[in-house]
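Asks: model this:
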Amino acid sequence: MAYKICVIRGDGIGNDVIDASLKLLSHIDVDFDYTYAEAGYECYLKNGTSIPQKTIEACRNADATFFGAVSSPPDIVDYKSAIVTLRKELDLFVNIRPIRSLPIEISRPNIDIVIMRENTEGMYKGIEREENGVAIAERHISEKASRRLAEFTYKYARDNKRKRVTIVHKANVLRKTCGLFRRTVLDVSKKYLDIETEEVIVDAMAMRLIKEPERFDVVITTNLFGDILSDEASQLVGGLGISPSGNIGEKTGIFEPVHGSAPKYAGKDIANPTATFLSAAMMLDFLGERREGNRIRDGVFKTFSDGNKTKDLGGSLGTSAFTEAVINNLK
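Replies: As a prediction, this is how the structure comes out:
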């Protein structure tokens, strides 16, 4: 059986890293039926929208979507983020960001954190207005979204033999929104007494991620907090160029590198495809092909262990040469 995969290259180096990843995926023991769709800034310039309805439907009808990187110009007031729109339209309620040490010099050792971020509401609802010189944004936190994120997180922790879940919030100040999130997650935790549960205020968490990242296991938090903390944590192990993510719902998922589109590097064979390779591995896990996902992860780790790195990590390899090295290291 061939899995139906919607491929969105996006903008800038999104094209480079997706093409490299498709080449890598052609060397594993899984069949794919690819369809291709448009999204991002170039799509906006061409079609007047960053995310056409036919792209949303292509993602909805796929087993999974493999997403590159898109630009989001801040000076266009009516510009819709393609990925945020897809998260809402497809109800991809959890964003998974694994933060794991790699065998490279700039990576701190012994870090293995999974950040679970609510992915459909919070400050990213996009409900904003201006009144008399005051800009106002609404933060929506629901019991339903908080509960299903918590259920997903604790089940993930148990299935993957994780020992601790850290709830990150700001309920000491945001007593209604973070208060509801905190209470709901704590209620779910009562069904998982085999897993330790702790709470950390978000500003303290930002500090402790730098001071003692090795002690954290699974982290659950709200949309904006998760976005910021996961970017911070990624820098501990090598930066955004090696950081994968998965947006997962009940029926489908979108898998993407965390980094931006970096248009000035596009087409120059210098983009680091590691984050996209590891996102492909997450996609394979989601499809039930964990063995092949592990082959990709092992290939990436072996490539780094051999001393082969892209230029952003202090090495000399371009996108194509690094891709070939990982392919050669597939077990």
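
Asks: what packs against the helix or strand that contains residue 33?
Replies: Per DSSP states H and E: residue 33 is located in strand 31-36. With contacts taken as 3 or more C-beta pairs under 8 Å, 6 or more residues apart in numbering; DSSP states H and E, strand 31-36 sits against strand 2-10. In this view, the C-beta of every residue, glycine as well, is placed from N, C-alpha and C.

Asks: identify all contacting residues around the strand it packs on.
Replies: For strand 2-10, contacts defined as C-beta atoms under 8 Å, 6 or more residues apart in numbering pick out 14-15, 18-19, 22, 30-40, 55, 58-59, 61-70, 82, 261, 283, 287.

Asks: that one to strand 31-36, inter-axis angle?
Replies: Between strand 2-10 and strand 31-36, the angle comes out at 40 degrees (axes from the mean of the first three to the mean of the last three C-alpha atoms, to 10 degrees).

Asks: quick check: mean pLDDT of stretch 255-272?
Replies: Stretch 255-272 comes out with an average pLDDT of 95.

Asks: endpoint to endpoint, it covers what distance?
Replies: One end of stretch 255-272 to the other measures 17 Å (C-alpha to C-alpha, to the nearest Å).

Asks: what residues of that stretch count as buried?
Replies: 255-262, 265-266, 270-272 (16 or more other C-beta atoms under 10 Å).

Asks: ok, the residue of the chain positioned farthest from its centre - contacts?
Replies: No residue in the chain sits farther from the centre than residue 132, which is 37.3 Å out by C-alpha atoms, centre = their mean. By C-beta under 8 Å, 6+ apart, the contact set of residue 132 is empty.

Asks: how about it, phi and psi?
Replies: Residue 132 adopts backbone torsions of phi 50, psi 50, taken as degrees, to the nearest 10.

Asks: what's the answer for residue 177, then?
Replies: phi -70, psi -60.

Asks: how close does it sit to residue 242?
Replies: 32 Å (C-beta to C-beta, to the nearest Å).

Asks: same deal with residue 189?
Replies: The spacing between residue 189 and residue 242, counted by C-beta to C-beta, is 31 Å.

Asks: and residue 106, by the same measure?
Replies: 10 Å.

Asks: for these two, indicate the residue with more neighbours.
Replies: residue 242 (29 against 15; other C-beta atoms under 10 Å).

Asks: ok, that one - contacts?
Replies: By C-beta under 8 Å, 6+ apart, residue 242 lies in contact with 102, 234, 272, 274-275, 278, 313.

Asks: save these as JSON lines, and put in secondary structure and distance to residue 195 too.
Replies: JSON lines is the format used below for those (DSSP: H, G, I helix; E, B strand; the rest coil; distance: C-beta to C-beta, whole Å):
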{"residue": "102", "secondary structure": "coil", "distance to residue 195": "27"}
{"residue": "234", "secondary structure": "helix", "distance to residue 195": "24"}
{"residue": "272", "secondary structure": "coil", "distance to residue 195": "34"}
{"residue": "274", "secondary structure": "helix", "distance to residue 195": "30"}
{"residue": "275", "secondary structure": "helix", "distance to residue 195": "28"}
{"residue": "278", "secondary structure": "helix", "distance to residue 195": "25"}
{"residue": "313", "secondary structure": "helix", "distance to residue 195": "34"}
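
Asks: which elements pack onto the least confident helix or strand in the chain by mean pLDDT?
Replies: The weakest-scoring helix or strand in the chain, judged by mean pLDDT, DSSP states H and E, is strand 128-131 (a mean of 90). Counting by 3+ C-beta pairs under 8 Å, 6+ apart, the packing neighbours recorded for strand 128-131 are strand 134-137.

Asks: so what does the strand it packs on touch, helix or strand wise?
Replies: Strand 134-137 packs on strand 128-131, going by 3+ C-beta pairs under 8 Å, 6+ apart.

Asks: could I get the CA-only coordinates of the strand it packs on as PDB?
Replies: Listed next in PDB are the C-alpha coordinates belonging to strand 128-131 (Å, rounded to 0.1, in the frame of the first residue of the first chain):
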ATOM      1  CA  GLU A 128      -7.200  41.200  17.300                       C
ATOM      2  CA  ARG A 129      -8.500  44.700  17.000                       C
ATOM      3  CA  GLU A 130      -7.500  48.300  17.500                       C
ATOM      4  CA  GLU A 131      -9.600  50.800  19.400                       C
END
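
Asks: what lines up beside it in the sheet?
Replies: With DSSP bridges as the test, strand 128-131 is paired with strand 134-137 (antiparallel).

Asks: and the strand it pairs with, how far from the chain's centre?
Replies: Mean-position distance between strand 134-137 and its chain equals 28 Å (C-alpha atoms, centre = their mean, to the nearest Å).

Asks: one more: stretch 240-253?
Replies: 4 Å.

Asks: kindly report the same for stretch 323-331.
Replies: What separates the centre of stretch 323-331 from the centre of its chain is 23 Å, taken as C-alpha atoms, centre = their mean.
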